[in-house]
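> next comes the sequence, and after it the predicted model I'd like to discuss.
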Amino acid sequence: MEKRNVYMDYSATTPLKGEVLDAMMPYLKENYGNPSSIYSKGIESKEAIKQSRTKISRLIGSKSDEIYFTSSGSEADNWAIFGALKGNGKHIVTSKIEHPAILNTLSYLETKGYDVTYLDVNESGLVNPDDLEKAIRDDTALVTIMMANNEIGTIQPIQKLVKLAHDKNVLFHSDAVQALGNIPVDVNKLGVDMMSFSAHKIYGPKGIGALYIKEGIEIENFVYGGGQENGKRAGTENVPAIIGFGKAAELAMNCLKEHVCHCLDLRNYLADELYAAVFDSHVNGTMLDRLPGNLNVSFDYAEGEAILLMLDYMGISVSTGSACGSSDSVPSHVLTAIGVPESRIHGTIRFSIGCFTTKDDVDYVVKAVKEVTKKLKELSPLK
Amino acid sequence: MEKRNVYMDYSATTPLKGEVLDAMMPYLKENYGNPSSIYSKGIESKEAIKQSRTKISRLIGSKSDEIYFTSSGSEADNWAIFGALKGNGKHIVTSKIEHPAILNTLSYLETKGYDVTYLDVNESGLVNPDDLEKAIRDDTALVTIMMANNEIGTIQPIQKLVKLAHDKNVLFHSDAVQALGNIPVDVNKLGVDMMSFSAHKIYGPKGIGALYIKEGIEIENFVYGGGQENGKRAGTENVPAIIGFGKAAELAMNCLKEHVCHCLDLRNYLADELYAAVFDSHVNGTMLDRLPGNLNVSFDYAEGEAILLMLDYMGISVSTGSACGSSDSVPSHVLTAIGVPESRIHGTIRFSIGCFTTKDDVDYVVKAVKEVTKKLKELSPLK
Amino acid sequence: MNMYNDIVMDHFMNPRNVGEMKEPDGIGIYGSPTCGDLMQIHIKIEDDVITDAKFKAYGCGSAIASSSMATTLIIGLKVEEALKLTNGEIVDKLEGLPEAKIHCSVLADMAIKKAIFDYAESNDKHYDALKGFDPYEMQEEEHVCICGKDEES
Amino acid sequence: MNMYNDIVMDHFMNPRNVGEMKEPDGIGIYGSPTCGDLMQIHIKIEDDVITDAKFKAYGCGSAIASSSMATTLIIGLKVEEALKLTNGEIVDKLEGLPEAKIHCSVLADMAIKKAIFDYAESNDKHYDALKGFDPYEMQEEEHVCICGKDEES
Ligand SMILES: Cc1ncc(COP(=O)(O)O)c(C=O)c1O
Ligand SMILES: Cc1ncc(COP(=O)(O)O)c(C=O)c1O
């Protein structure tokens, strides 16, 4: 088997598309003006940012001035929560399978006297709308439930959940970092008040995210200072990254359908082939309401990091299904929430497929996984 | 007079040095791994970040793990203040000439019940250490005074101020965004507990800053989520920008002396020539404790924006001396604080010189300013 | 690319009707150097028609451009017509100003009214549109320092 | 570039002394699949000298590598010497593990002790270094789930 470099961790981050880098280059070179400067060099940067904002707004169906740039999806999540809470009620509702940018922000708030309800998800990884309805209280200030999960890719019924929250006059935020560019995201149809995005998950640059804030929704600022982002988020704009984000959004919009088909085909092919090749493997989460590129599989008799490293040795990049934090070994809160037994969680690998993945890549990965799991099973004292 | 493009607004932002962009390119292309990933592509990014951190720490004389990356100088300022305050005393001491990233954060805190003392500066733009001593109270949680001012470039006696704060066991933060790379900055010698930096002022990329936090100083997190930045600041790292920041810091360290001489020579030449060419001009702030590249000049009979735009028309980029906020016309708080009369403040231009400025640039700017101020004076009803 | 459109830039870089008159029929001055903007207008009036206007201005690009535009608009107008000129119309003729700069066009509008008021006072004329117009009071009240500045950085 | 150094990677990719024995003199098992790591060691002892060791492990890279390294270290040692082997020494021989992974080397260390304990029990041997060592108790107490994971993203 000839060694081959296969990146299959698109949920962790994506390479820049060539067009995205091309669009950024002038802003890394001659167009370095500060967008706050009123001479032409500055106005040019400002104008470019405006166009980028418009491109992103088109992708999510919002108005362009409802988009606020942040430095990451994590910052957008933090801003949405801190911004919406200050001065309001003391109760927040979320799900058990949120990203740490949500969960750790909420645990911090718990230490400050806030009360958080963590909704269960079923085996498929879905929140039950009835549970949300029951969880909302008079003092609930915010519901924050992610659109698509980063580990198992399951997609929540956001539209339905938003309706329930709005019926009780509660703000709704959704982390759509994994959803954007991979499934249609239309903020108006969904009805969300706030939504988080991150460019580096859609073939845009790292270090730039966005928070959609619906017109009329007032939240507190997160970074105070200059008047950037309509006075809501200070700091000299990351111009090249913003331009890259805009270009990535434009491309994502133009090719969404093909992208979904491409990922879905290869993902399903991978699932079928893996199932056939590796006897002791189990897919986690529903295969229905799921991001097209995501496959989360547990292998018996082989530990995740060991699989990952052996695959890495063979040129393949995938990630484990385990949770955040490099010094603890708390097993993935997501897999725990959908009822995967702990022993199985440790043997979990997330494959995530993206626009540069090919059928040959999948074939190579299947062969490699077969070889690696066989080797590790032989090494294992488990039977 | 032949038209010439002259950028003389290095205090607003700087172009990337070619070496910086070169260093960044691999991380915009093939090295796109998420630093949190444990396969080789991830480890490579992680390792590159580590090296960058070391380069920056060398420039400021700190340990490498005392550097925390942020998305901007503004975020670093916000983090230092919010992080240091939570749970502590209710009083903060600052100066009247801080950047809006400090001042607007503090005004926000005033609405939340915090008490802020704004120290005066003298005509030269310097804080009087005695004033600081008097201002510190039992409930003072933080002193934050900038190292070098962004409008008039004056440099505060930070070492002395820190000593006074520490004598009373009060934390000291300093915004060194304008100082870094332009004068020696040694956090140990200065003794500060926290210090803010921004890459795009030292020929590095936009969208990346850093907060130095002295070992042993515990402040609250600003962005919660993943374990990035030693668990203190969540969000997927802006790898290319971090690499660029590191390279810019390395270059700044290697050429600090030459850089200072270069800027100082040209700045003094500009000051002399302008003084000779334009009768009604006045330099604001001391010429002694001042950033080498900064010159802040008020012109009678000509309004700042008008000068700026006419210079822009002639290919020259400079900024006005006026304050932040594009919809109000509050005159520069810095110039007000050093006692420049309002009518003069409106006619103020900040020239800031950097490493790509040449003597020919200065000659051209002097001629252009002469022409423009003459034209505007003729247009002016003032006598 | 500029913060102002081409028409504004043209009126700013090449202002029309700049100057003063030896013997103007009316003089209007509006604004204050403390505010960063000041406009002076001299007008000639014959048979209730504005036959000439000259201005001088200290201020930002939009203040200068709107003053220049305003003078071109009122020359040839009947006084009553000139009094109807609003800053909105000046902005329209300039094909727009940045939001934060719209108010700068008030300068020209007000200076013109003051010049006509001056003419009316010294020639004992009465114009309906000047009723209730008191330039001595309004300076304080209505004229705020209006020309926006760039972000600090 | 790898999260582990070349020595660790070599012991992980090409682990030494993998396997089981038909008739081992001592068996040690340490860890738990729920924790994500489990090590099993079989040893042969002749005249108080460990003449052979075989291991099987389920776990992360450092667990496997340190188990492999540990077996190479104890083969040929006197039992008393083998009992002195600490996880620190295993880490040193591997020329270091990432901070968060240091604890993984405990697995090997403990499994070896348990194997010797097993041998001692069935052969009625007494070793000073085993005094107070109670494998049945410590599993619960001391073995925490130790092998770190990557960041979520
Ligand atoms: C003194 C000072 N502090 C803070 C900042 C803010 O830094 P950034 O532009 O990276 O947000 C700037 C520049 O804009 C500055 O000059
Ligand atoms: C669902 C989800 N939310 C938030 C984030 C954080 O975004 P960023 O990496 O831009 O901080 C990620 C990815 O890391 C994610 O997958």
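The structure has been received and is ready for your questions. It should be emphasised that the depicted structure is a prediction, and the values quoted were computed from it without experimental measurement. Ligands and ions are numbered 1, 2, ... in the order given.
> list the contacts of the closest residue to residue A:131 other than its chain neighbours.
Leaving aside its sequence neighbours, residue A:131 sits nearest to residue A:119 (CB to CB, 6 or more residues apart in numbering or on different chains; 5.0 Å). (Each C-beta comes from the backbone N, C-alpha and C, glycine too.) With contact taken as CB atoms under 8 Å, 6 or more residues apart in numbering or on different chains, residue A:119 is in contact with A:93, A:94, A:95, A:96, A:127, A:128, A:131, A:132, A:135, A:145.
> in chain A, which spans are strands?
Using DSSP state E, the strands of chain A run over A:6-7, A:67-70, A:91-95, A:115-119, A:140-144, A:171-175, A:194-198, A:209-213, A:281-283, A:294-299, A:316-317, A:319-320, A:348-352.
> which of those strands sits closest to residue C:104?
For the strands of chain A, proximity to residue C:104 was assessed by CB to CB; strand A:67-70 is nearest, at 28.3 Å.
> which residue does chain A bring closest to ligand 2?
Minimum separation of chain A from ligand 2 (CB to the nearest ligand atom) falls at residue A:73, amounting to 2.6 Å.
> thought residue A:204 was touching residue A:247?
Yes: Residue A:204 is within contact range of residue A:247, at 7.3 Å (criterion: CB atoms under 8 Å).
> more neighbours: which of these two?
Under the criterion of other CB atoms under 10 Å in any protein chain shown, the comparison of residue A:204 against residue A:247 puts residue A:204 first, with 33 against 25.
> what sits closest to that one if chain neighbours are left out?
Nearest non-adjacent residue to residue A:204, counting by CB to CB, 6+ apart: residue A:248, 3.3 Å away.
> and the spatially most central residue of chain C, what element?
Centroid check for chain C by CA atoms, centre = their mean gives residue C:108 as the closest residue, at 1.3 Å. Secondary structure from DSSP states H and E places residue C:108 in helix C:105-123.
> got the buried residues for that helix?
C:105-120 (16 or more other CB atoms under 10 Å in any protein chain shown).
> hmm, back to that, how far away is the closest residue to the residue of chain A closest to ligand 2 other than its chain neighbours from residue A:72?
Nearest residue to residue A:73 in three dimensions, chain neighbours excluded: residue A:198, at 3.2 Å (CB to CB, 6+ apart). Residue A:198 is 6 Å from residue A:72, where distance means CB to CB, to the nearest Å.
> shared neighbours of these two, anything?
Shared contacts of residue A:198 and residue A:72 (CB under 8 Å, 6+ apart): A:208, A:209, B:236.
> let me have those in JSON lines, extended by pLDDT, distance to residue A:24 and neighbour count.
Shown next, in JSON lines, are the shared contacts of residue A:198 and residue A:72 (pLDDT from 0 to 100; distance: CB to CB, whole Å; neighbours: other CB atoms under 10 Å in any protein chain shown):
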{"residue": "A:208", "pLDDT": "98", "distance to residue A:24": "11", "neighbour count": "32"}
{"residue": "A:209", "pLDDT": "98", "distance to residue A:24": "16", "neighbour count": "30"}
{"residue": "B:236", "pLDDT": "96", "distance to residue A:24": "17", "neighbour count": "28"}
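> out of those, who's nearest residue C:22?
Among the shared contacts of residue A:198 and residue A:72, and counting by CB to CB, the member closest to residue C:22 is residue A:208, at 61.3 Å.
> how close does residue A:133 sit to residue A:143?
11 Å.
> I meant to write residue A:3 there.
48 Å.
> so between these two, which is more surrounded?
For residue A:3 versus residue A:143, neighbours defined as other CB under 10 Å are more numerous around residue A:143 (29 against 11).
> wait, the more buried one touches residue A:132, no?
Yes: contact criterion CB under 8 Å: residue A:143 and residue A:132 qualify, at 6.8 Å.
> please enumerate the shared neighbours of the two.
A:93, A:161, A:165.
> so what's the residue nearest to residue A:73 bridging to?
residue A:209 (DSSP bridges).
> re the thing from before, and chain B, is the helix holding residue C:108 touching that?
No: residues of helix C:105-123 are not located near chain B by CB under 8 Å from any CB of the partner chain, the shortest gap being 9.8 Å.
> same question for that helix, mean pLDDT?
Average pLDDT, helix C:105-123: 93.
> could you look up the SS state of residue C:27?
strand (DSSP: H, G, I helix; E, B strand; the rest coil).
> so which elements touch the helix ranked longest in chain A?
If you go by DSSP state H, chain A has its longest helix at helix A:239-277. With contacts defined as 3 or more CB pairs under 8 Å, 6 or more residues apart in numbering or on different chains; DSSP states H and E, helix A:239-277 has these neighbours: helix A:18-28, helix A:40-60, strand A:281-283, strand A:294-299, helix A:359-379.
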